[in-house]
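J.: Got a predicted structure here, sequence first:
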Amino acid sequence: MKKISDRIRSVFSHFQAKLLLAFLVCTLLPLGTLGFIFYHVTYQIAEDKIMSSALLADDQLNVQMNDRIRQTENVADSIQYDMYTLSQTDSSSTQSLSVFGSVRNDISMFKTTFGYYHISIFLPREQTGAGEGLYFYPLEDLESFRIPRQKRLNPGTDSIWFYHPDMQIPFILSDGYTARDVIVCCRLLRNQGTGATEYAYTILIDPAEFSDALADTFSDTDITSYLAAEDGTIMAHSDASLCGTVLDQDTLDLISRDEGETQKAGDINYHTARLDNGWYHVTEIPGSYIRKNTQILLQTLVFTLLVSLPLTVLVIIMLSGNLTKRLKKLSLAMETFHLGKNTPSPVPELVSAAKSPSSYDEIDRLGITFQNMQASLNQNMDSILELSLSEERLKYQLLQSQINPHFLYNILGSIKTCISLDRLKTADEMITDLTRFYRLTLRKSGDLIAIRDELEIARLYLEMEKLCHGDSLSWEIRAEDGIQNFLICRFTLQPFLENSIQHGISRQTPCVHISLDVSYGDDTVIITITDNGSGIAPRQLEDLRATLENRTVDYQKHFGIGNVNKRLSSPSFGNGTVRVDSRLNEGTEIVITFEQMEDSDEESNDCG
């Protein structure tokens, strides 16, 4: 997980990746927001359209259903008139047969003309035709219809509509007495005085007539439509298998609450209309149907995003790549720019030569400003470098000028001592050696001289000191082959040799032997000066080491060694170091280390 996190962090550490991410966020966020708002608004519009279309189909169905119901009521009114005529005719007269035949013909005509499943008339048994068995039945057979008790006791003048399962009709009309579920429109006539039923008749309608109309209207959809009685019995359903079932109480309460309004329960929209006979025409529109019909909208939106997104990303990559390419050039120019380089590394062209100054943008102006700044800095750096070199030379010459008088003062003091002791020959030889010494040193005008010349200067100095000390002083000088050609600061060795002689010869160590070795190091020159003199006391050694470490020049103590250490530590003279080890009455070791410097014109120019 950490590797993945580091890789992602590494990718987005590039400016182009950050710029691309910013472009994508600034593009996709508004695009996604607009897409969401567009889909939401369009979904609402589509939902309203779908609901309106379903409700329009509902309204057409309501008209169709009410027409059929009113037609049936009109037929029931016509039969009512015939039944009144028949009940007013004396059943013992010959006229009663004529009236019965006329009524029977009307019943047959109504059934055939209006496509009813059957029409049944129920008469008192003593009434003419009560046992006819085709359209007319005894009043006692009315019990098989299971008319709802409440409606049967208070029929009024309205029709009684109910659902009758497994209704059987005479074999003449239905082979084998096949039972069938039917919708019944029933009318009862009661005697006002006795309350007894005088006659009744039923018009039977096949529920498939309504169910087929419901199913055809919403075919190939997930919309459900049905007719329900006031007690919740489903009279007809777009799924015919559900006819005769009863709605649960919650659904019945919902559809009977606000007729003509659309209500939502869960994911289903219910639209209820009240028909002329008191039925509820209910249409259930599930949310899944609306979403399925808006699926094409969602697919179109997603397809548009999938097509436009790669094109957007491609355009963003091209634009960000062109922008960051110029920034990369500027960054590379800044990385390759180094102060003080005489030959700066080649940098890419920051501003195209073909561009007109009037067409420069902020990046172009930044590139031109950097180029001007680079030229100005290089010029200033060259001036600063020249001043630094001049300052370094002046410092070196100052230190060098301090060494010469110090050395000359000591030698002249020795010559004076020889003269006062009447050792004129020794004084004469010292003056001769001093002449040779200065002839050699003055002949070398540079600040750096070859190691062979420095060793010769050291030898001449030791020769002069030996004239004063005689056999008390001896030395040996060793140098590895070829090392004498490297360069060294002038007057590097003399202060150390002087220190070994002046502080090494004592009562405890009357004779001092000095060993001077020049050898190779790792790209360095190592000069080791050892003596067997009196050594340096611990406190003085500590002070000397502090002087070397701090690179200070103290005119009161350790002046010569501090002076040489200060000059050697300069980068122009080899970044040298001086290390001193000493034991009291055993001797001292001085190790001088500095970088190998070739004797070339370039080095001479740098140091001189």
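T.: Now that the structure is in, tell me what you want to look at. Numbers count the residues shown, from 1 in each chain.
J.: just checking, what packs against the strand or helix carrying residue 164?
T.: Per DSSP states H and E, residue 164 falls inside strand 160-167. For strand 160-167, the elements it packs on are helix 149-153, strand 180-190, strand 234-237, judged by 3 or more C-beta pairs under 8 Å, 6 or more residues apart in numbering; DSSP states H and E. Glycine gets a C-beta too; all of them are placed from N, C-alpha and C.
J.: Low-confidence regions, the stretch 251-400 of the chain specifically.
T.: Scanning the stretch 251-400 of the chain for pLDDT under 70 picks out 258-260, 326, 335-356, 359-363, 382-383, 385-400.
J.: So for stretch 583-590, what gets flagged as buried?
T.: 587, 588, 589, 590 (16 or more other C-beta atoms under 10 Å).
J.: Restricted to helices, list these.
T.: Among the buried residues of stretch 583-590, DSSP state H puts none in helices.
J.: Need those in a markdown table (columns: pLDDT and distance to residue 218).
T.: Below are the buried residues of stretch 583-590 laid out as a markdown table (pLDDT from 0 to 100; distance: C-beta to C-beta, whole Å):
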| residue | pLDDT | distance to residue 218 |
| --- | --- | --- |
| 587 | 91 | 120 |
| 588 | 93 | 117 |
| 589 | 94 | 113 |
| 590 | 93 | 113 |
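J.: Run the chain-centre distance for stretch 550-563.
T.: The chain centre lies 64 Å from the centre of stretch 550-563; the measure is C-alpha atoms, centre = their mean, to the nearest Å.
J.: Determine how far the last residue of that stretch lies from the first.
T.: Distance across stretch 550-563, first residue to last, is 12 Å (C-alpha to C-alpha, to the nearest Å).
J.: could you give me the average pLDDT of it?
T.: Averaged over stretch 550-563, pLDDT sits at 75.
J.: roughly how far apart are the nearest residue to residue 505 once chain neighbours are set aside and residue 474?
T.: Spatially, and ignoring its direct neighbours in sequence, residue 505 is nearest to residue 512 (5.2 Å; C-beta to C-beta, 6 or more residues apart in numbering). Counting by C-beta to C-beta, to the nearest Å, the gap from residue 512 to residue 474 is 8 Å.
J.: Tell me which of the two has more neighbours.
T.: residue 512 (23 against 13; other C-beta atoms under 10 Å).
J.: The residue nearest in space to the middle of the chain is in what secondary structure piece?
T.: For the chain, the residue sitting closest to the mean C-alpha position, by C-alpha atoms, centre = their mean, is residue 21 at 7.6 Å. Using DSSP H and E, residue 21 maps to helix 15-87.
J.: low pLDDT regions in the stretch 501-608 of the chain?
T.: 554-556, 559, 600-608.
J.: Tell me which stretches of it form helices.
T.: Here the stretch 501-608 of the chain has its helices, by DSSP state H, counting those that start in this stretch, at 538-550, 559-568, 601-607.
J.: Can you add mean neighbour count and give those back as a markdown table?
T.: Listed next are these as a markdown table, based on neighbours: other C-beta atoms under 10 Å:
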| stretch | mean neighbour count |
| --- | --- |
| helix 538-550 | 15 |
| helix 559-568 | 22 |
| helix 601-607 | 13 |
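J.: wait, which of these is closest to residue 226?
T.: helix 538-550 (106.2 Å; C-beta to C-beta).
J.: just the strands in the stretch 451-600 of the chain please.
T.: 473-479, 487-489, 512-520, 524-531, 577-583, 587-595 (DSSP state E, counting those that start in this stretch).
J.: quick check: mean pLDDT across the second one?
T.: Summarised as a single mean, pLDDT over strand 487-489 is 89.
J.: picking that back up, report the buried residues of whatever helix or strand comes next after the helix holding residue 21.
T.: The helix or strand immediately downstream of helix 15-87 is helix 95-114, counting by DSSP H and E. Going by neighbour count (16+ other C-beta under 10 Å), the buried part of helix 95-114 is 96, 99, 100, 103, 104, 106, 107, 110, 111.
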